[in-house]
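Asker: make a model of this:
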Amino acid sequence: MSPRIAIVGAGAVGGYVGAHIAQAGHDVTFIDGWPAHVEAMRAAGLTVTHLKDVAPFNVPVRAMHITDVQGLAKEAPVDIAFICMKSYDTAWSTEMIKPYLAADGYVVSLQNCINEPVIASIVGEDKTLGSIASSITVELTGPGQVFRAAGKSGDAHTVFRVGQPDGTITERVKQVRDLVALTDSALMTTDLASERWTKLVLNVMGNGVSACTGLKSRDTIADDGLRQFMARLGSEAIRVGQALGHTLEEMHHLSPEIIARAGEGDADAKRLYDENRLDSIRKPGGGEHRPSMGQDMVKGRRTEIEFMNGLVVERGKQVGIATPANALLTDIVKKVERGELKPDKRHLSG
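Answerer: Residues are numbered from 1 along each chain as shown. Reported below is the predicted structural model:
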């Protein structure tokens with residue numbers, strides 16, 4: 001039988017992935033806290049568009065406001081709950097869906113940052129999985145409207161990596177891999193923690209810089225000073241991750257060591273890093289988007305800076321590695337978020 005699936009948080013990633021799963025004929029319920037979005041999905045479904053190569057599609061969906069979730073008590077239980085909320089909303093949203101899980105149901109973190117420990121503390125590690133969405137570049141552009149600032153990655157880049165905290169490849173891992181593979185390329189991993197830290201490094205390098213400056217990815221990469229600052233952010237995060245024992249994968253098709261050394265001032269590594277990043281924005285549509293934290297700032301929402309760059313600072317203290325660039329960015333983004341500063345690239349100059 002097809003599993004009953006709940007998408008808790010039908011924003012950019014939840015809406016995009018959930019729309020593909022629903023389009024394939026699965027039983028999917030979307031749960032969200034934005035009333036206009038819920039009403040738009042109820043009235044006209046979810047519409048998904050891409051920057052290139054993929055035709056737009058619309059899929060009718062079942063949408064539920066968070067205030068209606070208690071109605072699930074009268075229905076068959078949920079087999080798989082995808083948590084697609086911001087990191088700071090992980091605990092309460094997991095608590096919200098927990099009473100409606102089937103006895104053998106489980107929860108999947110389909111989020112930025114490292115939220116599996118929070119979910120496991122609520123439903124148990126045996127009911128916790130993680131799914132990383134790497135370089136997916138999606139945005140909720142309006143009620144019922146999801147846009148991906150790219151085409152499908154396919155074989156060129158594996159978007160989804162699915163695993164359990166303990167590294168075991170189980171039927172659940174295979175099931176989730178197959179579900180997210182309806183959206184784009186996917187694989188199973190035996191080292192979810194390292195995959196998570198690899199994705200964290202990518203987020204650390206771009207998200208907060210966009211939020212702090214107000215710039216799109218293309219413009220942050222094109223700026224020599226900002227590009228080098230992003231290398232410093234990545235370098236600190238890589239060194240902390242290595243000290244924590246993580247095995248890091250390629251990032252931007254570069255080895256982590258190249259990025260780390262570029263951020264540390266190595267001339268040869270910096271040349272390779274600069275060539276790679278500048279090449280990425282010469283492609284059609286390259287960098288013509290804001291990462292999720294940049295989108296949050298534009299929309300006046302709270303950012304996840306404490307769970308990205310702030311986490312690097314916290315873990316760096318634990319392993320005795322200084323992270324001044326990440327600490328600076330965390331502080332500035334919080335000030336911009338509170339309205340004490342306006343977004344401006346000059347915050348990161350000097």
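
Asker: surely E39 touches P143?
Answerer: Yes: when contacts are counted by Cβ atoms under 8 Å, E39 is listed as touching P143 (7.2 Å). To be clear about C-beta, it is placed using only N, CA and C from the backbone, and glycine gets the same treatment.

Asker: G265: what secondary structure?
Answerer: Following DSSP: H, G, I helix; E, B strand; the rest coil, G265 is assigned to coil.

Asker: gap between it and G9?
Answerer: Look at G265 and G9: by Cβ to Cβ, to the nearest Å, they are 40 Å apart.

Asker: got the confidence number for G350?
Answerer: At G350, the predicted lDDT confidence score is 58.

Asker: swap in K74?
Answerer: Here, the pLDDT recorded for K74 equals 97.

Asker: burial count for it?
Answerer: 6 (other Cβ atoms under 10 Å).

Asker: can you give me phi and psi for it?
Answerer: The phi/psi pair for K74 (degrees, to the nearest 10) reads phi -90, psi 0.

Asker: A186 contacts F160, correct?
Answerer: Yes: between A186 and F160 there is a contact under Cβ under 8 Å: 3.8 Å.

Asker: what sits in contact with each of the two?
Answerer: Common neighbours of A186 and F160 are listed as R177, V180 (criterion: Cβ atoms under 8 Å, 6 or more residues apart in numbering).

Asker: top strand in the chain by residue count?
Answerer: strand 101-109 (DSSP state E).

Asker: using PDB, write out every CA atom in that one.
Answerer: Provided in PDB are the C-alpha atoms of strand 101-109 (Å, rounded to 0.1, in the frame of the first residue of the first chain):
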ATOM      1  CA  LEU A 101       2.300   8.800  13.400                       C
ATOM      2  CA  ALA A 102       1.600   5.100  12.800                       C
ATOM      3  CA  ALA A 103       3.200   2.600  15.200                       C
ATOM      4  CA  ASP A 104       5.900   2.000  12.700                       C
ATOM      5  CA  GLY A 105       5.800   5.500  11.300                       C
ATOM      6  CA  TYR A 106       8.800   7.800  11.200                       C
ATOM      7  CA  VAL A 107      10.000  11.300  10.700                       C
ATOM      8  CA  VAL A 108      12.400  12.700   8.000                       C
ATOM      9  CA  SER A 109      14.300  15.900   8.400                       C
END
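
Asker: hey, what's F147 bridged with?
Answerer: Beta-bridge pairing for F147 (DSSP bridges): T49, E139.

Asker: so what's it up against?
Answerer: Residues in contact with F147 (Cβ under 8 Å, 6+ apart) are V48, T49, H50, L51, V138, E139, T141.

Asker: how does this structure divide into domains?
Answerer: What automatic domain parsing lists as the domains of the chain is 4-190, 195-348.

Asker: show me what contacts K342?
Answerer: K342 is in contact with G214, V336, counting by Cβ under 8 Å, 6+ apart.

Asker: ok, R290 - contacts?
Answerer: E139, S210, K216, S217, V298.

Asker: same drill for A186 and F160, tell me which one is more crowded.
Answerer: Legend: neighbour count by other Cβ under 10 Å for A186 and F160, higher for F160 (24 against 20).

Asker: that one: what's it in contact with?
Answerer: Shown in contact with F160 (Cβ under 8 Å, 6+ apart): S131, I132, A133, S134, R177, V180, A181, T183, D184, S185, A186, L187.

Asker: repeat that for F82.
Answerer: When contacts are counted by Cβ under 8 Å, 6+ apart, F82 touches I5, A6, I7, V8, G14, V17, G18, V107, V108, L110, S131.

Asker: now do the same contact list for the fourth one.
Answerer: Looking back up the chat, that one is V8. Listed by Cβ under 8 Å, 6+ apart, the contact set of V8 reads G14, I31, A81, F82, I83, C84, M85, S93, T94, M96, I97.

Asker: what of V336?
Answerer: By Cβ under 8 Å, 6+ apart, V336 lies in contact with A211, C212, M297, K342, P343, H347.

Asker: just the buried members of the residues you listed?
Answerer: Listed as buried from these are A211, C212, M297, P343, H347; burial here means 16 or more other Cβ atoms under 10 Å.

Asker: now, these that are in strands?
Answerer: Assigned to strands by DSSP E, none of the buried ones among the contacts of V336 qualify.

Asker: which of those residues sit farthest apart?
Answerer: The span of those, defined through Cβ to Cβ, is set by M297 and H347 at 12.6 Å.

Asker: same list (the buried ones among the contacts of V336) but as TSV, adding pLDDT and distance to M205.
Answerer: Formatted as TSV, the buried ones among the contacts of V336 follow (pLDDT from 0 to 100; distance: Cβ to Cβ, whole Å):
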residue	pLDDT	distance to M205
A211	96	13
C212	96	13
M297	93	17
P343	95	18
H347	94	16
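
Asker: so which of those residues belong to helices?
Answerer: A211, C212, M297 (DSSP state H).

Asker: nearest to A325 among those residues?
Answerer: Lowest distance from A325 to those (Cβ to Cβ) belongs to C212, with 11.8 Å.
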